[in-house]
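**Student:** compute the structure for the input listed below.
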Amino acid sequence: MKKFTALRHAIIALLSLSTNTALFAEESQAAPGSTTTPQQTTPTQNAKEYIIPKPQASRIDALKASLTIRRLDHQIQTLEANAEPFLALYRPSLTSSTQGCVIMLHSDNEHPDWPDAIAPLRDAMPEHSWCTLSLEVPDIIKRAEPVKITTATAENTSSPKELPNQTLVFARIQATIDYAKAQGVEQFTFLGYGTGASYALAFLAANKDAGKALTLIDIESPPNLSDYEVAQQIRQIAQPILDYYVDKTGNDQFAVWRKQAANQRTDKVGDFIQVNALPDRVTGKNSKQLLIQRVRGFLKQNTNQINQLKSLPSVKKGLFYESPIIN
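**Tutor:** You can find the predicted model right below:
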């Protein structure tokens, strides 16, 4: 028993000695005069670098790549407003004469070739003597951010607040107009889809001589303005307006306010045409083609039409032509 106890004490002594030796070695490495420095873990080494997502930039880059793959990159124009570049898609008139240019603004979290309404009109109008310029509109609603909704009643007649990014969007519209003028375009109309329609409406209300007509497609109010506030801006526009929208409830109060505001215009030079697009979209027909026809007809009747420069083809009568006998 004594031998076992002595052996146990010897083992404990050896373990203590090895532990002290290891501790002494670590202290020697950490000493000021030591030639080796122990690796220390700092918070910056463990900190992760988070990448902030930029959905709009990714969306625009994907659009550019798509247009390049389809060999349509010649339509891409990089313009500048407020010392900031932005994308614009330009398509010239495909006829021998140009009626003017349609400035197009897409809805929130979309892009200048969005398929719902912008892309079909952007591609179709050049065939009818209109050039198109569809510009990039900054996102209003950022992902993972709360949205504050503003409510107002019909009794609220205070002047409307500015739209989100209004100064930047207006500068982009003006830069787009300047680019088109450099291409020889003299007549402009504005077309907006969704929240883009609110921007087009506000721009023409603030720049009364900028365009000859306005097309609103499924207009939506931005989060910081009520429907009533947006509708009241129609009172400031004298030009003809096409209000093409879908009434899903049968009693669209926003549409009612827009109609009332149009009726209150005092110096109008064109009509306010409000069309419920629901029948166009439920008949089973090509609703996009119907939209193109509506916009084309509206512009033809409400803008200064330039005489086509292309002459009529001559008729070849042939060798054995006989004039019809008129009794």
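
**Student:** and the strands in the stretch 1-150 of the chain?
**Tutor:** Along the stretch 1-150 of the chain, counting by DSSP state E, counting those that start in this stretch, strands occupy 76-81, 84-91, 100-105, 130-135.

**Student:** and of those strands, who's closest to P223?
**Tutor:** strand 100-105 (16.9 Å; C-beta to C-beta). C-beta here means a position set from N, CA and C on the backbone, and glycine is covered the same way.

**Student:** name the helices or strands packed onto that closest one?
**Tutor:** On a contact count with 3 or more C-beta pairs under 8 Å, 6 or more residues apart in numbering; DSSP states H and E, strand 100-105 meets helix 118-124, strand 130-135, helix 166-182, strand 188-193, helix 195-206.

**Student:** show me what that strand pairs with in its sheet, parallel or antiparallel.
**Tutor:** If you go by DSSP bridges, strand 100-105 pairs up with strand 130-135 (parallel), strand 188-193 (parallel).

**Student:** quick one: contacts of that strand?
**Tutor:** 112, 118, 121-122, 125, 130-135, 137, 169, 173, 176-177, 180, 185-193, 196-197, 199-200, 211-212, 215, 299, 303 (C-beta atoms under 8 Å, 6 or more residues apart in numbering).

**Student:** and if you look at stretch 272-285?
**Tutor:** With contact meaning C-beta under 8 Å, 6+ apart, stretch 272-285 is reached by 218, 234, 240-248, 255, 258-259, 262-263, 265, 287, 290-291, 294, 298.

**Student:** if we use 10 Å, what do you get?
**Tutor:** The contact list for stretch 272-285, computed with C-beta atoms under 10 Å, 6 or more residues apart in numbering, reads 214-218, 234, 237, 239-248, 250, 252, 255-256, 258-259, 261-263, 265, 286-291, 293-294, 297-298, 301-302.

**Student:** any chance of the helices and strands packed on strand 100-105 in a markdown table, plus distance to N82?
**Tutor:** Converted to a markdown table, the helices and strands packed on strand 100-105 look like this (distance: least, C-beta to C-beta, whole Å):
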| stretch | distance to N82 |
| --- | --- |
| helix 118-124 | 23 |
| strand 130-135 | 14 |
| helix 166-182 | 5 |
| strand 188-193 | 20 |
| helix 195-206 | 15 |
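
**Student:** how about these in CSV, adding distance to P223, mean neighbour count and mean pLDDT?
**Tutor:** Shown next, in CSV, are the helices and strands packed on strand 100-105 (distance: least, C-beta to C-beta, whole Å; neighbours: other C-beta atoms under 10 Å; pLDDT from 0 to 100):
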stretch, distance to P223, mean neighbour count, mean pLDDT
helix 118-124, 21, 20, 95
strand 130-135, 21, 25, 96
helix 166-182, 13, 18, 96
strand 188-193, 17, 27, 97
helix 195-206, 9, 25, 96
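
**Student:** ok, which of those comes nearest K54?
**Tutor:** Proximity to K54 (C-beta to C-beta) singles out helix 166-182 among those, at 16.3 Å.

**Student:** where does the prediction get shaky in the stretch 51-200 of the chain?
**Tutor:** Scanning the stretch 51-200 of the chain for pLDDT under 70 picks out 51-53, 143-160.

**Student:** check the stretch 201-327 of the chain too.
**Tutor:** Those would be 283-285, 307-327, if you go by pLDDT under 70 across the stretch 201-327 of the chain.

**Student:** please enumerate the strands of it.
**Tutor:** Using DSSP E, counting those that start in this stretch, strands in the stretch 201-327 of the chain cover 214-217, 241-245, 272-276.

**Student:** what's the most buried one of those strands?
**Tutor:** With neighbours taken as mean count of other C-beta atoms under 10 Å, the strands of the stretch 201-327 of the chain reach their highest mean count in strand 214-217, at a mean of 26.

**Student:** any figure for the gap between R294 and R172?
**Tutor:** According to C-beta to C-beta, to the nearest Å, R294 and R172 sit 26 Å apart.

**Student:** oh sorry, the question was meant for H74
**Tutor:** Between H74 and R172 the computed distance is 21 Å (C-beta to C-beta).
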